[in-house]
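In: fold the following for me, if possible:
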Amino acid sequence: MADFKLHDIESAPEGAKPLLEKSQKGFGMIPSLHAVMAESPQVLEAYQQLHQLVLDSSFDNDEKTVVWQTINVENACHYCVPAHTGIAKMMEVSDDIIEPLRNETPLPNEKLEALRDFTLAVMRKQGNVSEEDLEAFFKAGYGHRQVLDVILTLSQKTMSNYINHIAQTPVDEPFKKFAWSKNQ
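Out: Below is the predicted model:
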């Protein structure tokens with residue numbers, strides 16, 4: 001694989017320096033993913049903006065975690081599954097949600113399971129979901145905004161998952177204890 005540089009504020013292209021400073025301030029460190037993305041200031045800026053938009057979406061912390069981790073696990077992202085495990089814990093998401101997402105076992109309630117099912121349908125069918133997929137999602141209590149918020153989150157995670165695969169982004173020290181692989 002290509003040897004992607006992990007940029008710091010000193011080595012980053014000029015346009016990425018303030019973005020890495022923002023990452024440092026927000027996370028208390030520069031996540032390896034951001035260090036890789038800094039090679040293209042536009043990519044890092046887009047990712048940071050998408051991340052904020054997902055945080056501001058209609059989903060609560062449990063639901064954000066379900067969508068994030070469903071995508072991460074489906075894409076077998078060695079970096080994002082541990083990172084979002086740590087993030088979920090910081091967001092006070094229950095292990096009753098975190099562990100089933102990591103292990104692809106049933107979630108503790110039908111509404112969250114419907115969210116995972118719909119997210120997988122969107123991914124696997126590349127957006128060509130069926131009327132049945134939509135009806136099941138709506139029946140679980142979600143609406144049109146949540147359909148769009150799943151796609152918003154998928155946009156964010158596509159960037160990070162694909163970049164992590166290609167760059168073989170190293171997992172950050174705080175998240176190493178949550179190491180994960182698809183074939184557990």
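In: in the chain, which helix has the most residues?
Out: Using DSSP state H to assign secondary structure, the helix with the most residues in the chain is helix 144-167.
In: the nearest residue in space to residue 115 that is not next to it in sequence: neighbouring residues, count only.
Out: For residue 115, ignoring the flanking residues on the chain, the nearest one in space by Cβ to Cβ, 6 or more residues apart in numbering is residue 66 at 5.0 Å. Quick note: C-beta positions are derived from backbone N, CA and C, even for glycine. Here the neighbour count serves as a burial measure; for residue 66 (other Cβ atoms under 10 Å) it reads 29.
In: ok, so what distance separates residue 66 from residue 116?
Out: Remark: distance between residue 66 and residue 116 (Cβ to Cβ, to the nearest Å) = 5 Å.
In: shared neighbours of the two, which are they?
Out: Each of 101, 107 lies in contact with both residue 66 and residue 116 under the rule Cβ atoms under 8 Å, 6 or more residues apart in numbering.
In: show me what contacts residue 20?
Out: Residue 20 sits next to 7, 8, 9, 12, 30, 34, 35, 38, 44 when contact means Cβ under 8 Å, 6+ apart.
In: neighbour-wise, give me the winner out of these.
Out: Ranked by neighbour count (other Cβ under 10 Å), those have residue 34 at the top, with 28 neighbours.
In: can you list contacts of the helix or strand where it lies?
Out: Following DSSP states H and E, one finds residue 34 within helix 32-37. Under the criterion Cβ under 8 Å, 6+ apart, residues 4-8, 16, 19-20, 23, 43-44, 47-48, 79-80, 83, 160, 163-164, 167, 169-172 lie in contact with helix 32-37.
In: in strands only, show me these.
Out: For those, not one is inside strands, with DSSP state E as the criterion.
In: which residues of the protein score low on pLDDT?
Out: Counting by pLDDT under 70, the low-confidence segments of the chain come to 1, 184.
In: again, only using 80
Out: Low-confidence regions of the chain, defined here as pLDDT under 80, cover residues 1-2, 183-184.
In: so the residue nearest to residue 115 sits against residue 102, correct?
Out: No - counting by Cβ atoms under 8 Å, residue 66 does not reach residue 102; the two are 11.7 Å apart.
In: on that earlier part again, which parts of the longest helix of the chain are buried?
Out: Of the residues in helix 144-167, 146-147, 149-150, 152-154, 156-157, 159-161, 163-164, 167 count as buried by neighbour count, 16 or more other Cβ atoms under 10 Å.
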